[in-house]
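K.L.:
Got a predicted structure here, sequence first:
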Amino acid sequence: GAVVSQHPSWVICKSGTSVKIECRSLDFQATTMFWYRQFPKQSLMLMATSNEGSKATYEQGVEKDKFLINHASLTLSTLTVTSAHPEDSSFYICSPSDGSRRLSNQPQHFGDGTRLSIL
Amino acid sequence: DAKTTQPNSMESNEEEPVHLPCNHSTISGTDYIHWYRQLPSQGPEYVIHGLTSNVNNRMASLAIAEDRKSSTLILHRATLRDAAVYYCILDRDDKIIFGKGTRLHILP
């Protein structure tokens, strides 16, 4: 069964709107959450890494004030795209981790993604 | 940098085996080799992983070269539902970094 629940699956909104994407870890405590972005015909690019209860670490070129990450609990993290514009249209994917994945020789799990379209 | 090299795309006929190659010449001794695939409009899905020995599961087989500098993902009998982008990744730390992957086309 699914271990990651990501909502919404898709969202269409007007330019200037802020959009919140939720990612829930269903089977384990997500001490870490990875957020990825994927443009059409391209690979997934890591945007940021968040640890529960602390500030997220953003990859180079990702605006932290544009992409707000909240990771206040071990089962829920949210990504808010603030004042979204058409260039923010993309496929956003979350991936929770409990930090012991490699030690326990387990694969990484991913959400089903959120298709964001800004008009 | 844990870099892998894969062909951009491959084609296969339905119900035939598919061998997807991956080169990872900079692999270190503790790097696991992971394969994920991404179907259209979905998040990545785990396929298989291994360290040194060949691995089999219900989805695929993974053949790892003796020097571990390359590996091959084997789909024994491809179906149309196997059309996806397949990513070969060296699992070096907690975060997964994706390369460009191989886009697999299945011909009916």
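P.N.:
On my side now, so go ahead. Numbering: from 1, shown residues only, chains lettered A, B, ... in the order given.
K.L.:
Where does pLDDT dip in chain B?
P.N.:
Where chain B drops to pLDDT under 70, the residues are B:1.
K.L.:
Name the residues of it found near chain A, please.
P.N.:
Proximity of chain B to chain A (Cβ under 8 Å from any Cβ of the partner chain) is limited to residues B:32, B:34, B:36, B:38, B:41-46, B:49, B:85, B:87, B:91, B:93-101. C-beta coordinates here come from the backbone N, C-alpha and C atoms, glycine included.
K.L.:
Where strands are concerned, which of those count?
P.N.:
Secondary structure from DSSP state E places B:32, B:34, B:36, B:38, B:45-46, B:49, B:85, B:87, B:91 of the residues of chain B next to chain A in strands.
K.L.:
and those residues, which two are the farthest apart?
P.N.:
Farthest-apart pair in those is B:32 and B:85; separation 20.1 Å (Cβ to Cβ).
K.L.:
higher neighbour count, those two?
P.N.:
The residue with more neighbours, out of residue B:32 and residue B:85, is residue B:85; 22 against 16, by other Cβ atoms under 10 Å in any protein chain shown.
K.L.:
In space, what's closest to that one - neighbours in sequence excluded?
P.N.:
Spatially, and ignoring its direct neighbours in sequence, residue B:85 is nearest to residue B:101 (4.4 Å; Cβ to Cβ, 6 or more residues apart in numbering or on different chains).
K.L.:
now swap in residue A:106 and tell me
P.N.:
The shortest distance from residue A:106 to any non-neighbouring residue, by Cβ to Cβ, 6+ apart, is to residue A:100 (7.9 Å).
K.L.:
likewise residue A:64?
P.N.:
Once flanking residues are discounted, residue A:64 sits nearest to residue A:58: 4.8 Å by Cβ to Cβ, 6+ apart.
K.L.:
All the helices of chain B, in order from the start?
P.N.:
Taking DSSP state H as the criterion, chain B contains no helices.
K.L.:
Number of residues surrounding residue B:22?
P.N.:
When neighbours are counted by other Cβ under 10 Å, residue B:22 registers 25.
K.L.:
Kindly report the same for residue B:102.
P.N.:
Residue B:102 is flanked by 21 other residues according to other Cβ under 10 Å.
K.L.:
ok now do it, which residues does it touch?
P.N.:
B:6-10, B:20, B:85-86, B:88 (Cβ atoms under 8 Å, 6 or more residues apart in numbering or on different chains).
K.L.:
how close does the closest residue to it other than its chain neighbours get to residue B:62?
P.N.:
Leaving aside its chain neighbours, residue B:102 sits nearest to residue B:6 (4.5 Å; criterion: Cβ to Cβ, 6+ apart). Here the criterion is Cβ to Cβ, to the nearest Å. By it, residue B:6 lies 14 Å from residue B:62.
K.L.:
Tell me, how many residues neighbour residue A:22?
P.N.:
Residues lying near residue A:22 (other Cβ under 10 Å) number 17.
K.L.:
what's the helix or strand in which it is found packed up against?
P.N.:
Counting by DSSP states H and E, the element that carries residue A:22 is strand A:19-25. When contacts are defined as 3 or more Cβ pairs under 8 Å, 6 or more residues apart in numbering or on different chains; DSSP states H and E, strand A:19-25 packs onto strand A:4-7, strand A:32-38, strand A:76-81, strand A:90-97, strand A:114-118.
K.L.:
again, 7 Å this time
P.N.:
For strand A:19-25, the packing partners by 3 or more Cβ pairs under 7 Å, 6 or more residues apart in numbering or on different chains; DSSP states H and E come out as strand A:4-7, strand A:76-81, strand A:90-97.
K.L.:
what does chain A put close to chain B?
P.N.:
Contact residues, chain A versus chain B (Cβ under 7 Å from any Cβ of the partner chain): A:32, A:34, A:43-44, A:46, A:49, A:93, A:95, A:97, A:99, A:101-102, A:107-108, A:110-113, A:115.
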